[in-house]
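# I would like the atomic coordinates for the input below:
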Amino acid sequence: MKISFGHKILSYFKDVEIETISSEFNPVLSVCIKNGRYQLCTEEAVYSYADKYDNFRLSFDKINFQHLEMDNVLLLGLGLGSIPFMLEKNYQYDFQYTAVEIDESVIYLAEKYVLSDLKSPITVIQADADIFMQQHDECYDMIAMDVFDSDVVPENFESFSFLKNLKSCLSANGFVIYNRLAVTPQDRRESRQFFEDQFKVIFPNAIMMNILGNYMLISEEKVLK
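Residues are numbered from 1 along each chain as shown. Predicted coordinates for the structure are as follows:
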């Protein structure tokens, strides 16, 4: 849904609230316009913010897409579709997306406000991403892991079995980009421990980037510029 000129201008002075709904998984899902862009928030976290979803945007700046053979992208966690939005609008990449999102209300908001304005083909599947990965065997060139329960990564998405399922669904030169919080000392400690004790066991060539209060884990350092 295109943002009206009036709302866009106003949003640079204050957040323009558009819609707030609840769901089984999120008591509050609030869409507002902020700095000319749609933003999706819960009470504790920002789920999506167009091309201002900086942890992914700044990570994408470091990835050498021009030298990667990429076509299929798997999104675990959809938000308002910030990842396909910025890859299409900011980087002009034409990928095919499969998006897995457990919350029907998040899907409704994404389709209403963002996905309908994208040219990239996006297949959205309502499912638990962990169960989806257990039952799925298609391969992808990039898997973006962005699953949160408000501001917490559920424990099952930290398990060796889940990480192995991610690896088994990568193409020959594919890679995972895994979003972790690094806001508080406890966040950073837990995320570093996860990276060293689990993620690098499954992805030995992985690298961790500290980006604006997030640790972005890349399964293959060689994909960076």
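# separation between Phe56 and Met86?
With the distance defined as C-beta to C-beta, to the nearest Å, Phe56 ends up 7 Å from Met86. Using the backbone N, CA and C atoms, a C-beta is placed for each residue, glycine as well.
# more neighbours, these two?
Per other C-beta atoms under 10 Å, whichever of Phe56 and Met86 has more neighbours is Phe56, with 23 against 20.
# Tyr38 against Ala110, yeah?
No. Contact criterion C-beta atoms under 8 Å: Tyr38 and Ala110 do not qualify, at 9.5 Å.
# name the element the closest residue to Asn214 other than its chain neighbours belongs to?
Excluding the flanking residues, the one nearest Asn214 by C-beta to C-beta, 6 or more residues apart in numbering is Asn55, at 4.0 Å. Using DSSP states H and E, Asn55 falls within helix 54-62.
# C-terminal to that helix, what's the next element?
From helix 54-62, the next helix or strand downstream (DSSP H and E) is strand 72-76.
# give me the contact list for that next one.
Here strand 72-76 makes contact (C-beta atoms under 8 Å, 6 or more residues apart in numbering) with 83-84, 87, 95-100, 129, 132-133, 138-147, 169, 171.
# contacting residues around the helix-or-strand element of the chain with minimal mean pLDDT?
Least confident element among the helices and strands of the chain, by mean pLDDT, DSSP states H and E: strand 46-48 (a mean of 85). Outside strand 46-48, the residues within contact range by C-beta under 8 Å, 6+ apart are 29, 38-41, 53, 79-82, 106, 110, 114, 148.
# would JSON lines of those with secondary structure, neighbour count and pLDDT be doable?
Output for these, formatted as JSON lines (DSSP: H, G, I helix; E, B strand; the rest coil; neighbours: other C-beta atoms under 10 Å; pLDDT from 0 to 100):
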{"residue": "Leu29", "secondary structure": "strand", "neighbour count": "21", "pLDDT": "94"}
{"residue": "Tyr38", "secondary structure": "strand", "neighbour count": "26", "pLDDT": "94"}
{"residue": "Gln39", "secondary structure": "strand", "neighbour count": "24", "pLDDT": "93"}
{"residue": "Leu40", "secondary structure": "strand", "neighbour count": "27", "pLDDT": "93"}
{"residue": "Cys41", "secondary structure": "strand", "neighbour count": "19", "pLDDT": "90"}
{"residue": "Tyr53", "secondary structure": "coil", "neighbour count": "25", "pLDDT": "90"}
{"residue": "Gly79", "secondary structure": "coil", "neighbour count": "26", "pLDDT": "93"}
{"residue": "Leu80", "secondary structure": "coil", "neighbour count": "24", "pLDDT": "94"}
{"residue": "Gly81", "secondary structure": "coil", "neighbour count": "32", "pLDDT": "95"}
{"residue": "Ser82", "secondary structure": "helix", "neighbour count": "30", "pLDDT": "95"}
{"residue": "Val106", "secondary structure": "helix", "neighbour count": "26", "pLDDT": "95"}
{"residue": "Ala110", "secondary structure": "helix", "neighbour count": "28", "pLDDT": "96"}
{"residue": "Val114", "secondary structure": "coil", "neighbour count": "24", "pLDDT": "95"}
{"residue": "Phe148", "secondary structure": "coil", "neighbour count": "18", "pLDDT": "89"}
